[in-house]
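**Student:** sequence first, then the predicted structure:
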Amino acid sequence: MTALLVGESVSRHFGGLRAVDEVDFHLDEGEILGLIGPNGAGKTTLFSVAAGSIRPTGGRVLLDGKPVSGKRAHRSVHLGVCRTHQIVRPFARLTVLENVLVGHHYGRPGGTRRDPRAAALEILEFIGLADRADRLPGELTLAGRKRLEVARALATGPRVLLLDEVVAGLNPVEAGRFVALIRQIRDRGTAIIMIEHVMHALMSLSDRVVVLDHGRKIAEGLPAEVANDPLVIEAYLGTGDADA
Ligand SMILES: Nc1ncnc2c1ncn2[C@@H]1O[C@H](COP(=O)(O)OP(=O)(O)OP(=O)(O)O)[C@@H](O)[C@H]1O
């Protein structure tokens, strides 16, 4: 089976800093791929390259064999790759519904229902914000704003959704609901790569996990394999002076 999204030796350097360094990855149809690594490992930078918001300094990302990296973000969205942001960014003066309509407007042709309002309302229903459609984003709780961020991305009709820490900061009940929601999104046909510091959420959702450290891929495998990988444990705990 050909992978849906493929990263080929993706690099992004900032001056002398190798934020992402020759990383290969792939995402299959219907898959949830977890992307983990300590702070500064290069996870968000890899997302930005895959979503087209920054150019790679080397390598490329392909969707269905066609390049999506190195283009503008709106072009990637049009092709079917959409990301959410760690710090949610709704349009503060637009209602919840209008925010979702913006996503639909800039989305993938044929990605959702043709009638924008019907599509947006259906997504709000699915995401659990239908009763907040006419509110402003500022009136939502953090969990609500995170749901809105995901709703806006879903409105673009993505084939690949890149979720950047959507569970972080939520209380355990809200986090549990979000985990179920993410699984439903995948079950409706959208492949997902997720960055998440809430480990139990990431490990329970991911079919496979890729681990970055200092821009390099240091491990890849099933959640349980990765969690027990000595290189991963070392990256998270640091080498310290254990031998001293
Ligand atoms: N625009 C930029 N200019 C210069 N350096 C950057 C830029 N963006 C990221 N970096 C650096 O690249 C490295 C990787 O950052 P990145 O945000 O991708 O890591 P991360 O794994 O997402 O970290 P976190 O878990 O803390 O969000 C860090 O050292 C960061 O300081």
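**Tutor:** Cool, the structure landed.

**Student:** biggest helix in the protein by residues?
**Tutor:** Secondary structure of the chain per DSSP state H: the longest helix is helix 172-187.

**Student:** any idea of the mean pLDDT for that helix?
**Tutor:** Mean pLDDT, helix 172-187: 95.

**Student:** buried ones in that helix, by neighbour count?
**Tutor:** 174, 175, 178, 179, 181, 182, 185, 186 (16 or more other C-beta atoms under 10 Å). Just so you know, the C-beta spots here come from the backbone N, C-alpha and C atoms, and that holds for glycine as well.

**Student:** the fourth one touches residue 204, doesn't it?
**Tutor:** Yes - Residue 179 sits in contact with residue 204 when judged by C-beta atoms under 8 Å, with a separation of 6.5 Å.

**Student:** next SSE after the longest helix of the chain?
**Tutor:** Next along the chain after helix 172-187, taking DSSP states H and E as the criterion, comes strand 191-195.

**Student:** wait, does the next helix or strand along the chain from that next one contact the ligand?
**Tutor:** Toward the C-terminus, strand 191-195 is succeeded by helix 199-205 as the next helix or strand (DSSP H and E). No - using C-beta under 6 Å from any ligand atom, helix 199-205 never reaches the ligand; the gap is at least 12.4 Å.

**Student:** how far does helix 199-205 sit from its chain's centre?
**Tutor:** Remark: helix 199-205 is offset 14 Å from the chain centroid, using C-alpha atoms, centre = their mean, to the nearest Å.

**Student:** can you spell out which helices and strands pack onto the helix or strand that that helix is followed by?
**Tutor:** Going down the chain from helix 199-205, the next helix or strand is strand 208-213, by DSSP H and E. Applying 3 or more C-beta pairs under 8 Å, 6 or more residues apart in numbering; DSSP states H and E, we find strand 208-213 packed against strand 17-27, strand 32-36, strand 216-221, helix 223-227, helix 230-237.

**Student:** make it 7 Å
**Tutor:** strand 32-36, strand 216-221, helix 223-227, helix 230-237 (3 or more C-beta pairs under 7 Å, 6 or more residues apart in numbering; DSSP states H and E).
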